[in-house]
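Chemist: take a look and give me a structure for this.
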Amino acid sequence: MERPAPGELFACLDAAETIRWDYRTTDLSPRGHPLEAVRTALRAQGLPDAAAVAKLPHGRRVRYAGAVICRQRPGTAKGVVFLTLEDETGFVNVVLWPKVWTRHRVLVKTSPILGITGRLESQQGVAHLIADQVWAPRLEQPVPTGGSRDFQ
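Modeler: Alright, predicted model coming up:
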């Protein structure tokens, strides 16, 4: 009996599955970002990518969702928490005032992907999303992330 060729034993992984496997084994992927696979669903919810957020004017209300890559709560910041979220196009800096942090701290500390609603502050090419709401994005498929560097 003839053996099948190695590529014929299993169905090939699609791009999203390949990225998920990369993240499961190494917490990163050279083939793409995990949010690429859900970008269509995020757009359908009216959520821009990081590159689009960076182009918005100062003071604009924004809803954005991204993977948490950093959580910071410096002792000198009087209770302010800083997050960095990312997607396949870049990063969004987020500021959580103490009142917002207190209201959403469990979600902020535990969710690898967050949705933020707030006002954009842009000055001299640097933008920060000042959060007034934090929420879990609705996604139909699991999105692997590489984890975050946290303040714990």
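Chemist: what's near enough to touch Ile116?
Modeler: Counting by Cβ atoms under 8 Å, 6 or more residues apart in numbering, Ile116 touches 62-65, 83, 85, 92, 94, 129, 131, 133-135. Glycine gets a C-beta too; all of them are placed from N, C-alpha and C.
Chemist: the same query, at a cut-off of 7 Å, please.
Modeler: With contacts taken as Cβ atoms under 7 Å, 6 or more residues apart in numbering, Ile116 has the following neighbours: 64, 94, 129, 131, 134.
Chemist: among those, which are located in strands?
Modeler: Among the contacts of Ile116, the members found in strands (DSSP state E) are 64, 94, 129, 131, 134.
Chemist: of those residues, which is the most crowded?
Modeler: In terms of neighbours by other Cβ atoms under 10 Å, the ones in strands among the contacts of Ile116 top out with Leu129 at 27 neighbours.
Chemist: so that residue makes contact with Leu120?
Modeler: Yes. Judged on Cβ atoms under 7 Å, Leu129 makes contact with Leu120 at a distance of 5.7 Å.
Chemist: any shared contact partners between the two?
Modeler: Val62.
Chemist: Ala11: which element?
Modeler: Assigned by DSSP states H and E, Ala11 belongs to no helix or strand.
Chemist: and it, how far from Glu17?
Modeler: According to Cβ to Cβ, to the nearest Å, Ala11 and Glu17 sit 10 Å apart.
Chemist: the more surrounded of these two?
Modeler: Glu17 (13 against 8).
Chemist: would you agree that one falls within a helix?
Modeler: Yes. If the criterion is DSSP: H, G, I helix; E, B strand; the rest coil, then Glu17 is within a helix.
Chemist: begin at 59, not 1, for the rest of this chat.
Modeler: OK, 59 is where the count begins now, so the last one is Glu75.
Chemist: show the pLDDT at it.
Modeler: The model reports Glu75 with a pLDDT of 72.
Chemist: same deal with Gln182?
Modeler: Confidence score, pLDDT, at Gln182: 80.
Chemist: what do you get for Arg121?
Modeler: On the pLDDT scale, Arg121 gets 97.
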